[in-house]
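**Student:** Provide a 3D model corresponding to the input given below.
(2 chains)
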Amino acid sequence: MKISAVITLKKDVLDPQGKVIHQALDGMGFKDVNEIRQGKYFEIDVKENDPKKAKGLVEDMCKKLLANLVIENYKIIETQ
Amino acid sequence: MKSSVITFPGSNCDRDMDVALKKFGFKNKMIWHNDNELPKSDLVVLPGGFSYGDYLRCGSMASKSKIMQSVINFAKSGGLVMGICNGFQILVETGLVPGVLLRNKYLEFICKNVFVKLDNKENLYFKNLDKDIFELHIAHNEGNYFCTKDQLKEIQDNNQIAIYYCNKSGETEEQYNPNGSIKNIAGIFNKEKNVLGMMPHPERMIDQSLSGEDGSLFFKNLINNIK
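**Tutor:** Have a look, this model is predicted:
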């Protein structure tokens, strides 16, 4: 089944890429933006079909490799 | 003295490091990332480069390479492990030194000579050096050192800051910070000071005809310290 993981930067971590994207959008006329934070999105097709176990597996992947917990948070979403 | 330089897929300063270590008397061996065991070593170096194409986060995949378990065990038993540039990024991903290295503040790849100031000489890397300010080369896109407030307090309390970015006279104001790193930090030790991670490349400063000799001072001193 497919499980998604969204990795985002923690609140107090500087995100220069998000800032530049914000400035670019501002220049294009999108004036109603407070802040932009850039993150990562993973779509993982696992062999496990039990949703709870599959999510557990992806959570383990997030903790061990996909996210660096010093600066990032992760959120797991069941997509299928 | 025996040293080992680990080559990961995408390392590109591994041979420069090999040349530097041999020039100052180390018997160096190149070790492939997929090997299981480190040979007997007095010093292990994780070199600069772009291991695994810098995918995911710089150093993240290299930190999970087969050889790294052996490197981690070596470090935990007190062995000297030095990570330069991408090697520093690998070290933070293993957790051997605290913090992380973020994208440079102004989103530029920086390639230039900088001055750095040594903060703490009570360790085998810097003990007996008579200079405090060194001119070294940096070349990185992710050298913006970051750690949590609690981690910063801990590394300051334990004197773990190895080097700061500064100007020629050793002033460490924000304007001499090339990449936005917290407190102008260019290098960090672990608590025990046997593991050193730093962004500048001493191996690029070992010949007057190339760029300078401050790296030579570092390597000459290092081999004398561990003899």
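**Student:** roughly how far apart are residue B:152 and chain A?
**Tutor:** 12 Å (C-beta to the nearest C-beta, to the nearest Å). C-beta here means a position set from N, CA and C on the backbone, and glycine is covered the same way.
**Student:** Does that residue touch residue B:182 like I think?
**Tutor:** Yes. Taking C-beta atoms under 8 Å as the definition, residue B:152 is a contact partner of residue B:182 at 6.5 Å.
**Student:** could you point out the longest helix in chain B?
**Tutor:** helix B:214-226 (DSSP state H).
**Student:** helices or strands up against that one?
**Tutor:** For helix B:214-226, the elements it packs on are helix B:14-23, strand B:133-140, judged by 3 or more C-beta pairs under 8 Å, 6 or more residues apart in numbering or on different chains; DSSP states H and E.
**Student:** if I pick residue A:17, what's in contact with it?
**Tutor:** A:38, B:103, B:107 (C-beta atoms under 8 Å, 6 or more residues apart in numbering or on different chains).
**Student:** I figured residue B:221 hits residue B:129, correct?
**Tutor:** Yes. The pair residue B:221 / residue B:129 is scored as a contact, 5.2 Å apart, by C-beta under 8 Å.
**Student:** ok, these two, which is more surrounded?
**Tutor:** residue B:221 (19 against 16; other C-beta atoms under 10 Å in any protein chain shown).
**Student:** For the lowest-mean-pLDDT helix or strand in chain A, buried residues please.
**Tutor:** Sorting the helices and strands of chain A by mean pLDDT, DSSP states H and E puts helix A:16-27 at the bottom, at a mean of 91. For helix A:16-27, burial by neighbour count (16 or more other C-beta atoms under 10 Å in any protein chain shown) applies to A:16, A:19, A:22.
**Student:** nearest residue to the second one other than its sequence neighbours?
**Tutor:** When the adjacent residues along the chain are set aside, residue A:19 lies closest to residue A:36, with 7.4 Å between them (C-beta to C-beta, 6 or more residues apart in numbering or on different chains).
**Student:** Which one, of the helices and strands packed on helix B:214-226, ends up nearest to chain A?
**Tutor:** Ranking the helices and strands packed on helix B:214-226 by proximity to chain A (C-beta to the nearest C-beta) places strand B:133-140 first, at 14.4 Å.
**Student:** ok, then the element right after the closest one?
**Tutor:** Remark: after strand B:133-140, the chain's next helix or strand is strand B:144-146, criterion DSSP states H and E.
**Student:** quick one: that next one to chain centroid distance?
**Tutor:** The chain centre lies 14 Å from the centre of strand B:144-146; the measure is C-alpha atoms, centre = their mean, to the nearest Å.
**Student:** Kindly report the same for stretch B:155-170.
**Tutor:** Distance, centroid of stretch B:155-170 to centroid of chain: 14 Å (C-alpha atoms, centre = their mean).
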